[in-house]
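[1] build me a model:
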Amino acid sequence: MILSVLTAAGVAAATAGPALAAEEAIRGADLSVLWALPFAGVLLSIAILPLALPQVWHHHYGKIALGWALAFVLPYAALAGPSASAHLVVHAALAEYIPFVILIGTLFTVAGGILVTGNLHGSPGTNTIILTIGTLLASLIGTTGASMVLIRPLLRANDERRHNAHVVVFFIFLVSNIGGSLTPLGDPPLFLGYLKGVDFFWTTGHLAHETVFCALILLALFFVLDSWFYRYDHKFRALADPTPDTKRLGIVGGINFALLAAVVGAVLVSGSWRPGIVFTVYGTVVELQNLVRDGLLVAILILSVLMTPKATREANDFSWGPILEVAKLFAGIFATIIPVIAMLKAGRDGAFAPIVALVTRPDGAPDNAMYFWASGILSSFLDNAPTYLVFFNLAGGDAQTLMGPLAMTLTAMSCGAVFMGANSYIGNAPNFMVKAIAEERGVKMPSFFGYMAWSCGILVPLFALVTWVFFRV
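    A predicted model of the protein is given here:
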């Protein structure tokens, strides 16, 4: 659901009639693959520095992200001129980054005001039920909303377990990613498809089999693995409630559910209401419906802060640290990803032409299996909204055709973009937020590469099975 943000302005602008000055400022066909080095630098910094230089990273990760952003912006300004570089920065900020931060910040704040009280004991059965609820909820209030509502009660239920990192890893797999595949509200690429003309309930009907297939396998695998860890955790098994609470099982801060519904409403309005009023800010088109959406989201955030008792947030161990970390790191990612997306958009004329060529068979027909893997692998490390748009356009870009004769191609790229966001911490914004919250609660989460060892060991074989069952023809 990063996209409700990225999309409405960025995507609508990318698909609107006149080309934007910001888009004209960079031509992917003219770029060498060397321009992708700053983006690679951000990824490697996130992966390596927390382990190699933890103190430096903890105190200076924002400066490091800024340094990599400047490693692209300044050389490009020297090459193409300060004006062209400024257009790109303004476009990325107004059309993508600022709406992105507003959306996830609002969801983080609102969901952080919902407190689940009572005696939850993190047994395999309880954990599996929470993961199942979260997986279903993700398509209704988005992966970010569902993740922020349920991660804290799940962590409290497993506070005293000797091994609990795997619980959070599977939570990211299911709630922060795969569960958001059944409606455009669930995850950015699907909302993007909705804006491009894909029917609202098309994903519900066409991605349901793949989603249920993945979810059931992962839930079953989780239950077996969690039962194994739980069996030998004798100290924890003796605790009726790992986080003592005198209150009964219930929910505090219910007003925030109404505010979550308001967030969903604001997002839907921005996708369906088209007044045709636009503003141009230094070459970037900003549409009225997007300004209204962002204004409503900020108002909802403020209402949540004012209407939620301070004691509720304190009991929820709420802090602004995770959202600040995401905001700073993704600022670097959004800046350095500019040339990478431009080279992908250049298609067969760009430096990534071999990747683009993989999705087409010799007879010119789309290779659905490769659409699944190409869109998925790129979405594991790039923003999955523009990545989805690249492959949507490669397949013709006509929603009616893609929902009709090419329905399996649209299904494949949609599944790839949503499912494989779980392959890395930066594949989807909730991944990093969940990781940060878990670490604040003392969970020893896997490193960047450690998490990918989990995803490669579990998700890659699962996705290979998905390919064989659904996309091999």
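[2] mind checking which helix or strand the residue nearest to residue 41 when sequence neighbours are not counted is in?
    Spatial nearest neighbour of residue 41, excluding adjacent residues (CB to CB, 6 or more residues apart in numbering): residue 68 at 4.7 Å. (Each C-beta comes from the backbone N, C-alpha and C, glycine too.) Assigned by DSSP states H and E, residue 68 falls within helix 54-80.
[3] can you give me the buried ones in that helix?
    By 16 or more other CB atoms under 10 Å, the buried positions in helix 54-80 come out as 57, 61, 64-66, 68-69, 71-73, 76-77, 80.
[4] over to stretch 266-283?
    Within stretch 266-283, the residues that count as buried by 16+ other CB under 10 Å are 266-268, 270-271, 283.
[5] want to try a markdown table for these, with secondary structure and distance to residue 173 as columns?
    Formatted as a markdown table, the buried residues of stretch 266-283 follow (DSSP: H, G, I helix; E, B strand; the rest coil; distance: CB to CB, whole Å):
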| residue | secondary structure | distance to residue 173 |
| --- | --- | --- |
| 266 | helix | 28 |
| 267 | helix | 24 |
| 268 | helix | 27 |
| 270 | helix | 29 |
| 271 | helix | 27 |
| 283 | coil | 40 |
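[6] what is the lowest-pLDDT residue among the residues you listed?
    Within the buried residues of stretch 266-283, the minimum per-residue pLDDT falls on residue 271 (76).
[7] that one contacts residue 196, correct?
    No: checked against CB atoms under 8 Å, the pair residue 271 and residue 196 is beyond contact range at 10.2 Å.
[8] please, where are all the strands along the stretch 101-250 of the chain?
    In the stretch 101-250 of the chain, the strands defined using DSSP state E, counting those that start in this stretch lie at 115-117, 250-252.
[9] pull the CA atoms of the helix or strand hosting residue 451 into CSV?
    Here residue 451 sits within helix 448-466, counting by DSSP H and E. This file holds the C-alpha atoms of helix 448-466, laid out as CSV (Å, rounded to 0.1, in the frame of the first residue of the first chain):
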residue,chain,number,x,y,z
PHE,A,448,19.9,-8.1,5.9
PHE,A,449,21.6,-11.2,4.4
GLY,A,450,20.4,-13.3,7.3
TYR,A,451,16.8,-12.5,6.5
MET,A,452,17.5,-13.3,2.8
ALA,A,453,18.8,-16.7,3.9
TRP,A,454,15.3,-17.3,5.4
SER,A,455,13.6,-16.0,2.2
CYS,A,456,15.8,-17.9,-0.1
GLY,A,457,15.4,-21.1,1.9
ILE,A,458,11.6,-20.8,2.2
LEU,A,459,10.2,-18.4,-0.3
VAL,A,460,12.3,-19.2,-3.4
PRO,A,461,11.3,-22.9,-3.3
LEU,A,462,7.7,-21.9,-2.7
PHE,A,463,7.7,-19.5,-5.6
ALA,A,464,9.3,-22.2,-7.8
LEU,A,465,6.4,-24.4,-6.9
VAL,A,466,3.9,-21.6,-7.7
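[10] and it, which residues are buried?
    By neighbour count on 16+ other CB under 10 Å, the buried set for helix 448-466 is 448, 451-452, 454-455, 458-459, 462-463, 466.
[11] and that helix, what does it pack onto?
    Other elements packing on helix 448-466 under the criterion 3 or more CB pairs under 8 Å, 6 or more residues apart in numbering; DSSP states H and E are helix 37-52, helix 165-174, helix 208-231, helix 368-379, helix 407-419.
[12] and those helices, which one averages the lowest pLDDT?
    helix 37-52 (a mean of 88).
[13] tell me the pLDDT of the closest residue to residue 37 other than its chain neighbours.
    In space, and not counting its chain neighbours, residue 37 is closest to residue 71: 7.6 Å by CB to CB, 6+ apart. Per-residue confidence (pLDDT) for residue 71: 96.
[14] all helices for the stretch 201-350 of the chain, in order.
    202-206, 208-231, 234-237, 255-272, 288-307, 310-315, 321-345 (DSSP state H, counting those that start in this stretch).
[15] most neighbours per residue, which of the ones you listed?
    helix 321-345 (a mean of 22; mean count of other CB atoms under 10 Å).
[16] next, the angle helix 368-379 makes with that one.
    Per axes from the mean of the first three to the mean of the last three CA atoms, to 10 degrees, the angle that helix 321-345 makes with helix 368-379 is 130 degrees.
[17] which strands or helices does helix 321-345 pack on?
    So helix 321-345, by 3+ CB pairs under 8 Å, 6+ apart, packs with helix 37-52, helix 54-80, helix 98-111, helix 384-394, helix 429-440.
[18] closest to residue 407 out of those helices?
    Closest to residue 407 of the helices and strands packed on helix 321-345 is helix 384-394 (CB to CB; 13.3 Å).
[19] which SSE is immediately downstream of the closest one?
    helix 399-403.
[20] list the contacts of that next one.
    With contact meaning CB atoms under 8 Å, 6 or more residues apart in numbering, helix 399-403 is reached by 193, 196-199, 202, 392, 395-396, 409-410.
[21] with distance to residue 236 as added columns, please give those in TSV.
    Listed next are these as TSV, based on distance: CB to CB, whole Å:
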residue	distance to residue 236
193	44
196	48
197	51
198	46
199	47
202	44
392	47
395	50
396	54
409	47
410	45
